[in-house]
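Undergrad: model the following, please.
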Amino acid sequence: MRFRLLKKNFIVLLVVLLVFLVLFYVTFGTNDGSREETRKEATQAEGLNKFEFGTILSMRTSVYDSNYKQLIQNGEHFPFEPEMAIVVQVHNRPAYLQMLIRSLQKVEGIHKALVIFSHDYFSEEISNMVKEITFCKVLQIYFPYSTQLYPSEFPGQDPNDCPRDAAKEEALRTGCLNAEHPDSYGHYREASITQTKHHWWWKLHFVFERVKVLQGYKGFVVFIEEDNYLLPDFHHYFKSMVEHRKTSCGDCDVLALGNHKGLSGFRELSTKTETAGWLSTKHNIGMGISRELYYKLMGCNKEFCVYDDYNWDWTLQNLSGTCISKPLKVLVAQGSRVLHTGDCGLHQKEACRPEEAQRRVDEALREAESALFPSTLSLTEQGPVEHQPHMKNGGWGDVRDHTLCINYASRL
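TA: As a prediction, the model looks like this:
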């Protein structure tokens, strides 16, 4: 009798143990990756604070969906192939974006263009501005690795990242995530600083490789930013410059439809162009890039992505004459067709004054109006085309940035 009781108790104990093991398996699993993902999501959810984690996941899904579908706005009204493609890098300065859109609307022939707005920040205000455009074909694309979509993990700012100014010895002692990888000046990454270069390089890949409506497009793609302003003859001048390049600078790699001189002396300079070696401080506004140049740049994908400078344009200048053996040659509009209106942003710390910027633009345009729409262009200066080395600015020492950047070519 006692033996039967012991046997029964043993069976009950064995059943309880098996149930416990099953529950443990179901709860914690045996897949280390799954447990890690669960812990990671829990940590993210706790660290989001004002961001609701479900909303962030929904936004990520929406971004991938939009980039896949590529809905062309106003396509039914402008069913022909575009004569010009303009790509606008947009962050979160809606007042300046509104100025740009107003300038686009005044460009003669803009209905023949495709305008692509590449966003790294989503807001209803910005979305509605773009949706209200009716004067040309529009495509909106979204940088899928923005700090808005990853607010508390890489490529955003992970709470366990090293503080910017931490000494490496202290970082190694505390075990912060990127302790081994400060930049050339001993500083650790700041997500808000690295995002612009990431966005620019991703956008270049996406426009030339993934935008379906441009697959047969053989012309130059013009890259501008949200705080730029286009003159009314921008489309006319673009076509003239493309033809002018054929006869006057067949080996020019880049078109620079803008410069940083504003409209000073515009009447005398309106028809004049010059050639030069590409310089970050002079030729990064209104850049026309061909598919041929894009392929050259892709041959330097790794070199672009590991160079310790958070600025895309300084990085590009470094490639010109190093990885790209022949320095980039640019055909430059001396009479700029692109104005820079922004007085605040990444490098400008003053308070934004869009109303004052619009006043200055209107005043300058009144002076320049009579010199718009030139019938011919002339090449008046030919500067040296050579590699221009500079001291890198840092801010791009983290191997995570290098890896993500390199992989855009395969994970668009």
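Undergrad: please point out which parts of stretch 172-188 sit buried.
TA: Cys176, Leu177, Asn178, Ala179, His181, Pro182, Asp183, His187, Tyr188 (16 or more other CB atoms under 10 Å). In this view, the C-beta of every residue, glycine as well, is placed from N, C-alpha and C.
Undergrad: just the mean pLDDT for it, thanks.
TA: Mean per-residue pLDDT for stretch 172-188: 98.
Undergrad: one more: stretch 111-118?
TA: The predicted model assigns stretch 111-118 a mean pLDDT of 98.
Undergrad: next one: that stretch to chain centre, how far?
TA: Between the centre of stretch 111-118 and the centre of its host chain there is 16 Å, according to CA atoms, centre = their mean, to the nearest Å.
Undergrad: from the chain's centroid, how far away is stretch 308-317?
TA: Relative to the chain's own centre, stretch 308-317 is displaced by 13 Å; criterion: CA atoms, centre = their mean.
Undergrad: what segments of the protein are strands?
TA: With DSSP state E as the criterion, the chain has strands at 84-90, 113-119, 137-142, 221-225, 228-230, 254-256, 272-277, 287-289, 329-333, 338-340, 378-382.
Undergrad: of all the ones you listed, which one comes closest to Ser62?
TA: strand 137-142 (8.2 Å; CB to CB).
Undergrad: which other helices and strands contact the closest one?
TA: Other elements packing on strand 137-142 under the criterion 3 or more CB pairs under 8 Å, 6 or more residues apart in numbering; DSSP states H and E are helix 53-69, strand 113-119, helix 124-131, helix 191-209.
Undergrad: can you redo those as CSV with mean neighbour count and distance to Asp253?
TA: Below are the helices and strands packed on strand 137-142 laid out as CSV (neighbours: other CB atoms under 10 Å; distance: least, CB to CB, whole Å):
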stretch, mean neighbour count, distance to Asp253
helix 53-69, 13, 28
strand 113-119, 24, 21
helix 124-131, 14, 31
helix 191-209, 20, 14
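Undergrad: and of those, who's closest to Gln148?
TA: helix 53-69 (7.6 Å).
Undergrad: how far does that closest one sit from the chain's center?
TA: 18 Å.
Undergrad: I'd like to check the angle between that helix and strand 113-119, please.
TA: Here helix 53-69 points in a direction 160 degrees away from that of strand 113-119 (axes from the mean of the first three to the mean of the last three CA atoms, to 10 degrees).
Undergrad: so for helix 53-69, mean pLDDT?
TA: The average pLDDT within helix 53-69 is 94.
Undergrad: could you check the angle it makes with strand 137-142?
TA: 140 degrees.
Undergrad: sorry, back to before: I'd like the helices and strands packed on strand 137-142 as CSV, with distance to Leu377 appended.
TA: Output for the helices and strands packed on strand 137-142, formatted as CSV (distance: least, CB to CB, whole Å):
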stretch, distance to Leu377
helix 53-69, 37
strand 113-119, 20
helix 124-131, 32
helix 191-209, 26
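Undergrad: low-confidence stretches in the stretch 151-300 of the chain?
TA: Applying pLDDT under 70 to the stretch 151-300 of the chain flags no residue at all.
Undergrad: could you pull out the helices in it for me?
TA: Counting by DSSP state H, counting those that start in this stretch, the stretch 151-300 of the chain has helices at residues 168-174, 191-209, 234-248, 266-269, 280-283, 291-298.
Undergrad: and the last one, C-alpha only, in PDB?
TA: What follows is helix 291-298 as a C-alpha-only set of coordinates in PDB (Å, rounded to 0.1, in the frame of the first residue of the first chain):
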ATOM      1  CA  ARG A 291      23.500  58.100 -64.000                       C
ATOM      2  CA  GLU A 292      27.100  57.700 -65.200                       C
ATOM      3  CA  LEU A 293      28.400  59.800 -62.200                       C
ATOM      4  CA  TYR A 294      26.200  57.700 -59.900                       C
ATOM      5  CA  TYR A 295      28.000  54.600 -61.000                       C
ATOM      6  CA  LYS A 296      31.300  56.200 -60.400                       C
ATOM      7  CA  LEU A 297      30.200  57.100 -56.900                       C
ATOM      8  CA  MET A 298      28.900  53.600 -56.200                       C
END
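Undergrad: so which elements touch that helix?
TA: helix 191-209.
Undergrad: so which of the helices and strands packed on strand 137-142 gets nearest Arg267?
TA: For these, the distance to Arg267 is smallest for strand 113-119, at 26.3 Å, taking CB to CB.
Undergrad: is it true that Leu257 touches Leu339?
TA: No - with contact defined as CB atoms under 8 Å, Leu257 does not reach Leu339; the gap is 11.0 Å.
Undergrad: more crowded one of these two?
TA: A direct count of neighbours by other CB atoms under 10 Å for Leu257 and Leu339 places Leu339 higher, at 26 against 23.
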